[in-house]
Structure formats: C-alpha cells, structure tokens
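S.K.: Fold the following.
(one chain, ligands or ions: 1)
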Amino acid sequence: MKHFITVTFCVWILCACTQRAERTPEETSSPPSTDSAALIQNPGFESGTIEPWGTAIHANPQSYDFQIVTDAIRSGRHTLKIQGDGREPWGGIIQNAGSGDLAGKRMRLTAWAKGTGLVEGVQFIVVFKDTMAMPVDHVFSNLGASFDWQELHHEFDVPDQKTRVEIGVMLLGAGTLWLDDISLEVIQPSQHH
Ligand SMILES: [Ca+2]
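M.R.: You can find the predicted model right below:
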C-alpha cells in the first residue's frame, strides 16, 4: 500500500506540473467559497459523459474500463461503472475541486457505491496540489465482495497553505464498481486553527 501511495503521489505531482501551465493564476483576493455544489462538477454523471472527471490507472490502461450506464442507478439517469480485471492494483476517477479557498477547512468527501466481485475494496484519495502536504488516503476494505448502494464518506483537513484540492475514487484490484452522487463539502474551519 505504501508503494501505491507513493506512486499515486508522484504521478499526480507530474499531473499538477503539466496542468499548472494551462491554468490562469487564481486571484488571491477571491472570496472564500463554501458553495459545496460548485466544488465537484458532474457529481452524478448526469451529463451522460465522464468529463470533467479524469481517469487514473496504475499502469496498463487496458486493465480498467469506464462506462456511463443507465441500468444501475442510485439517482438520476446515469451512473459510472468501473470494471477492473485484476491485472493492476488500482484504477479510478479524479477531479480538481472548485476554485474556492479551501485552506484550513475541514471537509467531507462522499460517494455512493455499489459493487460486485470486489477483491480489495474502494479507496478515496485527496491530493493538496502546490503543497508538500501528504495526500489523504482512506481505504474502505470491509465492503465485502458484493454490496448494494451505500454511502461512503471520509472527513479530512486541508492544510493551511493555499492549495488546489484534487479528489479521487479508486477501485482497488478486480471487480465491478458503480459510482454515483459524489460530493465534496466544507464542514467547518479546521480545528487545528
Ligand atoms: Ca446519477
């Protein structure tokens, strides 16, 4: 697991470097945003496409398949279906959270999930870009091989530096995972203030 975290962190640092050049620097005078609705786009895949979520796979891109489906719905008309064949340890989706100032905030990441044939579980990842802060890594390892829709959530503190928050939801190893209604909310100012 340590190796996985290290690899993920390194890969995402590379992504951060390549993406930074394409982004307009954010105004430092922008007011803090606590509008959780704006933090994650296409949270329930109701656009019928996966974008603006990106996909992230450990190595072999053929080892995970991503499809927007209409036959296993938690809400709305669309759901994301991820299938892993077991050749790689992880594959999932990532997205940069909205541009609000999240420094020092306590937050909750939530995803609704349904699974069949899971071997290892589901993992949440949170990366604090433009900082050296360690990413958040939370594994849901007690879901069992097959389970109906259930809410997965994990709370974390954003470091006190200016940062952009990237979230990820990963299927670990083999299995079929459906995801819907992913949300990121500000709960309160961080308690370490
Ligand atoms: Ca949906």
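
S.K.: next one: phi and psi at the most centrally placed residue in the chain?
M.R.: With distances taken as Cα atoms, centre = their mean, residue 168 lies nearest the centre of the chain, 1.9 Å away. Backbone dihedrals for residue 168, given as degrees, to the nearest 10, come out at phi -140, psi 150.

S.K.: Can you name the element that comes right after the lowest-mean-pLDDT helix or strand in the chain?
M.R.: The least trusted helix or strand in the chain, going by mean pLDDT, DSSP states H and E, turns out to be helix 2-20, with a mean of 47. Once the chain leaves helix 2-20, the next helix or strand it forms, by DSSP states H and E, is strand 54-57.

S.K.: For that following strand, which helices and strands make contact with it?
M.R.: helix 2-20, strand 64-69, strand 90-96 (3 or more Cβ pairs under 8 Å, 6 or more residues apart in numbering; DSSP states H and E). Yep, even glycine has a C-beta here, placed from its N, CA and C like the rest.

S.K.: Contact residues of the protein facing the ion?
M.R.: By the rule Cβ under 5 Å from the ion, the part of the chain lying against the ion is 44, 76, 78, 180.

S.K.: ok, those vs residue 87, which is closest?
M.R.: residue 180 (25.9 Å; Cβ to Cβ).

S.K.: Now the host helix or strand of the closest one: buried residues?
M.R.: Assigned by DSSP H and E, residue 180 falls within strand 175-189. Using 16 or more other Cβ atoms under 10 Å as the test for burial, strand 175-189 gives 175, 176, 177, 178, 179, 180, 181, 182, 183, 184, 185, 186.

S.K.: Could you dump those into a markdown table with distance to residue 104 added?
M.R.: Listed next are those as a markdown table, based on distance: Cβ to Cβ, whole Å:
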| residue | distance to residue 104 |
| --- | --- |
| 175 | 37 |
| 176 | 38 |
| 177 | 32 |
| 178 | 34 |
| 179 | 28 |
| 180 | 30 |
| 181 | 27 |
| 182 | 23 |
| 183 | 20 |
| 184 | 16 |
| 185 | 15 |
| 186 | 10 |
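
S.K.: Take those and lay them out in CSV including pLDDT.
M.R.: Shown next, in CSV, are the buried residues of strand 175-189 (pLDDT from 0 to 100):
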residue, pLDDT
175, 98
176, 98
177, 98
178, 98
179, 98
180, 98
181, 97
182, 97
183, 95
184, 96
185, 94
186, 93
